[in-house]
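Engineer: Coordinates for the following, if possible.
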Amino acid sequence: MKFFGFTCACVAFGFSLAGAVLDLPNAQPKVDAAYWNAALDSTWQGLIRRNIQPYSSGAGLIHRPKSETPGDAVSEGVGYGMLVALYANDQEHFNKMWETASEKMWQGSYHNWHMLANGVIPNSPEEGGYGEGAATDAEEDIALALIFADKLVSAGKWQAYTSPFLQKTYAEQAQKILDKMWESKQIRSEGVVAPGADWGGYDFVNPGYFSPAWYKIFAKFDKNDADRWTKAVDKSYEIISKSPGYSMGMVPDWMNPNGNWNSGNLGYNAYFGTRAFFKDAIRILWRTAIDAVWFDESRAKEFLANALKFINGKGGPSASNFYQIEKAGELLPADDKWTEFNDQNNPDTWRYRREHSHLTVGMWATAAMAVGESADRIAFSEEMGKFYEGRDYFGNAVDPTGGIEDTLHNEMYFDQFLAWFGTSLMSGAFVNVIDAIDNPKANVEGDLSSLSKVENPADPGNNPNPGEGIVATVNTLRSGIAVERLLHGVVLSTVNESSWKIFDLNGHVVARSFGSTFVWNAKNRSGIYIVKAVNASGEYISRISIR
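Structural biologist: Below you'll find the predicted structure:
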């Protein structure tokens, strides 16, 4: 049994495990809330450091450092980035992202879906492809983020803001986006959610875009036509129910609204003849899980119960992956590799389409959070813990299995966001902001796994072998670092964002991170380690002794 105990001296600052994540008490199911909220704060800082700060064209946007056109930005990233900035309680980056997207990508009815690293929206193969047109999931995510931001303003948690470029408030632009989604036929009159403006819908859909919980929020917010969003909710569940993978809790990346396969050349992720539960499709777990958690939606719960039964039948969290649908839940071919991103000319960076990772664990975990038992939630949290090393990203620097599931091969964009969304639902941070403010509830603490339980070696009821295990002692050499203990590691904190390094006594760096908090999973280490945090206020050093 491993135990981390701490004796701290000269710790100058207080510390909250919740970090900077938006703190709205709620009754949602949770697992390892404190642990994952600290990780959410740290990984958001990593997204800022890695996907925002290095870029001058489109400054403030989320960029894709390893895409087919490295350093580009897509409207999907605007939606994801604004949602994460909101739940990370970071209005500064939220505003900058929205403002830059408005200037660079908004064309009056929607955000053009693709912008090159030089800030150009391409319109020909010579320019780098076709970047004009809408991606419906981005529009709905941006609209929801703006609606929730407006609520934070009205509650006095954020400052009022009007876009200098659009001359609109959060609420005013959200209403415009909702209207334009219908006017531009991103949503058809019957409520069919199309993948783009006047593109698809009747002939094909991308069910990973369906966000029924969002549409219920829109129905309460929309001042022009609230009833239309009920059509979108009902039609989305109708199409999901016709999925050829419904009994397994799966949908294809692309399908016909009547449930037939659609094998046309549909752009991104039209892989495997669209007969796979792949990168687009897997988001349906998260998007329907939110409806189950926020609104107790029975149609979502039935679908997710199928998903949880399927994945548990395959082995539980360790089986989280992408699957074939037509072949009744077989894994994707073992040797099928991505070649389109990272470095198309360097096979050493290519990755397999099969993927047991923070992305797939994070998405399958949402089914457990929505309809699972305590044991399911704990199991998924512990599996997710294998893909978080206390740094400012999800994933492993080196794949412990000897494989290629590591940061060299990870996309460091899409995977980071889907892991963030999954863990924020696990921690209870991803809440219905309007309901949490209008109908405050006592916070439910939730479940604890081995990631956050700390046994007391002096209590035989908690530790059958008192005196055995690992004990860590922290001596603060220069004040400024606050410390909290976890079973498998420590949570380090400074008031300001810091660059962190942990050294062994030979001077080797054994871990590093960036942010105001650093969750270090010490795993099986023992000995004395030096923690160094550098920020605008100075340099801080602590010594950690683990035995």
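Engineer: which residues in the stretch 251-400 of the chain form strands?
Structural biologist: In the stretch 251-400 of the chain, the strands defined using DSSP state E, counting those that start in this stretch lie at 276-277, 323-324, 337-338, 351-352.
Engineer: contacts for the last one?
Structural biologist: In this case it means strand 351-352. 334-338, 342, 404-405, 409-410 (CB atoms under 8 Å, 6 or more residues apart in numbering). Heads up, the C-betas are built off the backbone N, CA and C, glycines and all.
Engineer: looking at the residues you listed, which has the most residues close by?
Structural biologist: Ranked by the number of neighbours (other CB atoms under 10 Å), those place N410 first, at 26 neighbours.
Engineer: So which residues of this protein form helices?
Structural biologist: 33-47, 75-87, 91-104, 136-154, 170-183, 212-221, 228-241, 283-295, 298-314, 358-371, 374-385, 414-427, 433-438 (DSSP state H).
Engineer: Tell me the gap between stretch 127-146 and the middle of its chain.
Structural biologist: Put simply, stretch 127-146 sits 18 Å off its chain's centre (CA atoms, centre = their mean, to the nearest Å).
Engineer: go on, stretch 256-263?
Structural biologist: Worked out by CA atoms, centre = their mean, stretch 256-263 lies 28 Å from the chain centre.
Engineer: So which residue is dead centre in this structure?
Structural biologist: W420 (2.4 Å; CA atoms, centre = their mean).
Engineer: Please give me every residue in contact with that one.
Structural biologist: W420 neighbours (CB under 8 Å, 6+ apart): 40, 43-44, 84, 362, 394.
Engineer: Switch the contacts of strand 351-352 over to TSV; also include pLDDT.
Structural biologist: As requested, the contacts of strand 351-352 are exported to TSV (pLDDT from 0 to 100):
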residue	pLDDT
A334	91
D335	90
D336	92
K337	89
W338	86
N342	83
I404	92
E405	92
H409	94
N410	94
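Engineer: now, among those, which is nearest to L492?
Structural biologist: L492 has its nearest neighbour among these in N410, at 24.2 Å by CB to CB.
Engineer: so that closest one touches S357, yeah?
Structural biologist: Yes: if you go by CB atoms under 8 Å, N410 and S357 touch, sitting 7.4 Å apart.
Engineer: Give me the common contacts of those two.
Structural biologist: Common neighbours of N410 and S357 (CB under 8 Å, 6+ apart) are G395.
Engineer: Can you tell me what sits against stretch 142-154?
Structural biologist: Contacts to stretch 142-154, defined as CB under 8 Å, 6+ apart, come from residues 75, 78-79, 82-83, 85-86, 91, 94, 98, 101, 111, 158-161, 169-171, 173-174, 177-178, 181, 211, 214, 217-218, 221, 433-434, 437.
Engineer: Buried among those residues? Make that a ChimeraX selection.
Structural biologist: Selection of buried members from the contacts of stretch 142-154 for ChimeraX, criterion 16 or more other CB atoms under 10 Å:
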select :75,78,79,82,83,85,86,91,94,98,101,111,158,161,169,170,171,173,174,177,178,181,211,214,217,218,221,433,434,437
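Engineer: Over to stretch 205-222 now: how far is its first residue from its last?
Structural biologist: 24 Å (CA to CA, to the nearest Å).
Engineer: same question, stretch 323-336
Structural biologist: Across stretch 323-336, the terminal residues are separated by 13 Å (CA to CA).
Engineer: just stretch 42-61 next, same as before
Structural biologist: One end of stretch 42-61 sits 19 Å from the other (CA to CA).
Engineer: got it, and stretch 425-432?
Structural biologist: Calculated as CA to CA, the first-to-last residue distance of stretch 425-432 is 11 Å.
Engineer: model confidence over it, on average?
Structural biologist: For stretch 425-432, mean pLDDT rounds to 98.
Engineer: likewise stretch 139-151?
Structural biologist: Here the average pLDDT along stretch 139-151 is 98.
Engineer: What ranges in the stretch 251-400 of the chain fall below the confidence cut-off?
Structural biologist: When residues are selected by pLDDT under 70, those of the stretch 251-400 of the chain lie in 263-269.
Engineer: What ranges does the stretch 401-547 of the chain have for its strands?
Structural biologist: Under the criterion DSSP E, counting those that start in this stretch, the stretch 401-547 of the chain carries strands at the ranges 472-476, 482-486, 489-503, 509-521, 527-535, 538-546.
Engineer: Could you dump the ones you listed into TSV with mean pLDDT and distance to M105 added?
Structural biologist: Output for the strands of the stretch 401-547 of the chain, formatted as TSV (pLDDT from 0 to 100; distance: least, CB to CB, whole Å):
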stretch	mean pLDDT	distance to M105
strand 472-476	46	47
strand 482-486	76	40
strand 489-503	85	28
strand 509-521	81	28
strand 527-535	83	33
strand 538-546	79	40
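Engineer: Now A276: closest residue in space that isn't a chain neighbour?
Structural biologist: Nearest residue to A276, sequence neighbours excluded (CB to CB, 6 or more residues apart in numbering): Q324, at 5.5 Å.
Engineer: I'd like the distance from that neighbour to L22, if you could.
Structural biologist: 38 Å (CB to CB, to the nearest Å).
Engineer: okay, the strands of the stretch 401-547 of the chain in a markdown table with mean neighbour count and distance to D198 next?
Structural biologist: Output for those, formatted as a markdown table (neighbours: other CB atoms under 10 Å; distance: least, CB to CB, whole Å):
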| stretch | mean neighbour count | distance to D198 |
| --- | --- | --- |
| strand 472-476 | 19 | 60 |
| strand 482-486 | 20 | 51 |
| strand 489-503 | 21 | 44 |
| strand 509-521 | 22 | 42 |
| strand 527-535 | 18 | 50 |
| strand 538-546 | 18 | 56 |
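Engineer: Those strands: which one's closest to A226?
Structural biologist: Nearest to A226, of the strands of the stretch 401-547 of the chain and by CB to CB, is strand 509-521 at 40.1 Å.
Engineer: the inter-axis angle of the closest one versus strand 538-546?
Structural biologist: Counting by axes from the mean of the first three to the mean of the last three CA atoms, to 10 degrees, strand 509-521 points 80 degrees away from the direction of strand 538-546.
Engineer: Report all helices and strands that strand 509-521 contacts.
Structural biologist: Here strand 509-521 touches helix 33-47, strand 489-503, going by 3 or more CB pairs under 8 Å, 6 or more residues apart in numbering; DSSP states H and E.
Engineer: got TSV for the ones you listed, with distance to L285 too?
Structural biologist: Shown next, in TSV, are the helices and strands packed on strand 509-521 (distance: least, CB to CB, whole Å):
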stretch	distance to L285
helix 33-47	18
strand 489-503	29
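Engineer: thinking again about what came up before, minimum distance to D504: which of the helices of the chain has it?
Structural biologist: Closest among the helices of the chain, using CB to CB: helix 33-47, at 21.6 Å.
Engineer: other SSEs contacting that closest one?
Structural biologist: helix 75-87, helix 414-427, strand 489-503, strand 509-521.
Engineer: Of the strands of the stretch 251-400 of the chain, flag the one that's most buried.
Structural biologist: strand 276-277 (a mean of 28; mean count of other CB atoms under 10 Å).
Engineer: Run the chain-centre distance for it.
Structural biologist: Relative to the chain's own centre, strand 276-277 is displaced by 20 Å; criterion: CA atoms, centre = their mean.
Engineer: Could you do stretch 362-372 as well?
Structural biologist: Worked out by CA atoms, centre = their mean, stretch 362-372 lies 13 Å from the chain centre.
Engineer: what does it rub up against?
Structural biologist: Contacts for stretch 362-372 (CB under 8 Å, 6+ apart): 29, 31, 249, 282-283, 285-286, 288-290, 292-293, 300-301, 304-305, 307-308, 311, 317, 320, 376-377, 379-381, 383-384, 394, 418-423, 425-426.
Engineer: if we can go back for a sec, dump the helices and strands packed on helix 33-47 into a markdown table; add distance to Q53 as well.
Structural biologist: Formatted as a markdown table, the helices and strands packed on helix 33-47 follow (distance: least, CB to CB, whole Å):
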| stretch | distance to Q53 |
| --- | --- |
| helix 75-87 | 13 |
| helix 414-427 | 15 |
| strand 489-503 | 12 |
| strand 509-521 | 10 |
